[in-house]
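# just need the structure, nothing else, for what follows:
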Amino acid sequence: MAQFADITAILEVVLGVGCALAGVWAWRRDGAARAFWLAWRAVQLGATALAAVAIAAFVSGFDPAEGLFWLYLLLPIAISIIAEQLRLASAQLVLDQHGLEDAQAVGRLPEAEQRWVVAAIMRRETAVAAIAALVIAFLALRILGTT
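Coordinates of the predicted model:
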């Protein structure tokens, strides 16, 4: 079970770091990078895989060297869920900062301002997801030291 956890963790580290790097690139492009969003979904799938490994390890009676093993396996899925909630809040935050009540108010702005608001929202969402991917990669890396 330890080897399976290690392999899954290594894959998640690679996905997370790659996603974070793609996030930096996407952020510079106002978040409009399809490859980044696909990478973010892959990181989330990897976080789900780590949670599945935790369940399998627990059911099989695996006894890791450290109790933090369980925490490092389960925290990535929690980080993923929290990041999604923060992404949802990002749009409202940008709208609030510009005194806009909703998306329809953005539609009433001149086209250049609309693009600016959408780019600001995409940048904030990209930053949230990229940082979350990096945190998930760090947690997955910590799994390697606790098996």
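# residues near G107, how many?
Residue neighbour count, defined by other CB atoms under 10 Å, stands at 9 for G107. All C-beta atoms are positioned from the backbone trio N, CA, C, and that covers glycine.
# what of A140?
Applying other CB under 10 Å, we find 29 other residues in the vicinity of A140.
# contact partners for it?
Applying CB atoms under 8 Å, 6 or more residues apart in numbering to A140 gives the contacts 8-10, 12-13, 16, 46, 50, 72, 76.
# low-confidence regions, the protein specifically.
Applying pLDDT under 70 to the chain flags residues 30-32.
# in it, which spans are helices?
Under the criterion DSSP state H, the chain carries helices at the ranges 2-28, 34-60, 68-97, 103-107, 111-143.
# quick one: distance of the last one to the chain centre.
This points to helix 111-143. Between the mean C-alpha location of helix 111-143 and the chain-wide mean there is a distance of 8 Å, by CA atoms, centre = their mean, to the nearest Å.
# was I right about V128 contacting L88?
No - if you go by CB atoms under 8 Å, V128 and L88 don't touch, sitting 9.7 Å apart.
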